[in-house]
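K.L.:
got a predicted structure plus its sequence, pasted below:
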Amino acid sequence: GAGVSQSPSNKVTEKGKDVELRCDPISGHTALYWYRQRLGQGLEFLIYFQGNSAPDKSGLPSDRFSAERTGESVSTLTIQRTQQEDSAVYLCASSVTGTGWAEAFFGQGTRLTVV
Amino acid sequence: DQQVKQNSPSLSVQEGRISILNCDYTNSMFDYFLWYKKYPAEGPTFLISISSIKDKNEDGRFTVFLNKSAKHLSLHIVPSQPGDSAVYFCAASLLNYGGSQGNLIFGKGTKLSVKP
């Protein structure tokens, strides 16, 4: 596709269940970022991939959160044993990799609601 | 500990006037600064950026100013239009050892309302 695609767009889950959020970056973009935005808050960094490896996963809030990326393409963010405080919009972005700065393009996000 | 701070959660401006959005940062090693704009139910979209070696960058109605000594940047929108009403995020980036972009660190955003 032309842009960053995230699925599902909305997810309602029961507390304690596991969820998987998917991000399809722009083709050829080797850098991929996950952020979350809780209601009324800013963009909170979660994890950053360069290719299939994650040089910076410092933003993952707990060991219930994990992410992987395969084929330098699709990434999956997994939240185990979801809690109500995990409710947020989860945003994925991708950018090309090269020397210097490159614009990061965002998807529309997955709105996760834990009930 | 926030590395990028936007201390004004909201700003209201009359159409045609100037909007000034402010951002402060704590890490003097940041190489690049960006502004993103976000409408409800959409992902953020890139607006304008500035390298740490410059102090001003202009693109149409949008100008970003960087004051490295004060660790402060601002976005000026002139003239402001109702369609500019959105949340504006300031972000900063560090180049990694390979020279490519590392993480993007965002502020909490400022909601701009431009009134007709």
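P.N.:
Ah, there it is.

K.L.:
and the helix or strand hosting residue B:65, what other elements does it pack with?
P.N.:
Applying DSSP states H and E as the criterion places residue B:65 in strand B:62-67. Applying 3 or more C-beta pairs under 8 Å, 6 or more residues apart in numbering or on different chains; DSSP states H and E, one finds that strand B:62-67 contacts strand B:32-38, strand B:45-51, strand B:56-59, strand B:72-77. Quick note: C-beta positions are derived from backbone N, CA and C, even for glycine.

K.L.:
and residue 78, what's its pLDDT?
P.N.:
As the question left the chain open, I've gone with chain A. Per-residue confidence (pLDDT) for residue A:78: 98.

K.L.:
my bad, chain B
P.N.:
So residue B:78 comes in at 97 (pLDDT).

K.L.:
biggest strand in chain B by residues?
P.N.:
Looking across chain B with DSSP state E, the single longest strand is strand B:86-95.

K.L.:
elements contacting that one?
P.N.:
Counting contacts by 3+ C-beta pairs under 8 Å, 6+ apart, strand B:86-95 packs against strand B:4-5, strand B:19-25, strand B:32-38, strand B:72-77, strand B:101-106, strand B:110-115.

K.L.:
which neighbours does the shortest one have in its sheet, and in what orientation?
P.N.:
When pairing is defined by DSSP bridges, strand B:4-5 lines up against strand B:19-25 (antiparallel).

K.L.:
just want the angle from the partner strand to strand B:32-38.
P.N.:
130 degrees (axes from the mean of the first three to the mean of the last three C-alpha atoms, to 10 degrees).

K.L.:
how far does strand B:19-25 sit from the chain's center?
P.N.:
Relative to the chain's own centre, strand B:19-25 is displaced by 6 Å; criterion: C-alpha atoms, centre = their mean, to the nearest Å.

K.L.:
wait, does the helix or strand of chain A with the lowest mean pLDDT contact chain B?
P.N.:
The weakest-scoring helix or strand in chain A, judged by mean pLDDT, DSSP states H and E, is strand A:53-56 (a mean of 84). Yes: using C-beta under 8 Å from any C-beta of the partner chain, we find that strand A:53-56 touches chain B at A:55, A:56.

K.L.:
report the buried residues of that strand.
P.N.:
A:54, A:56 (16 or more other C-beta atoms under 10 Å in any protein chain shown).

K.L.:
name the helices or strands packed onto it?
P.N.:
strand A:44-50, strand B:101-106.
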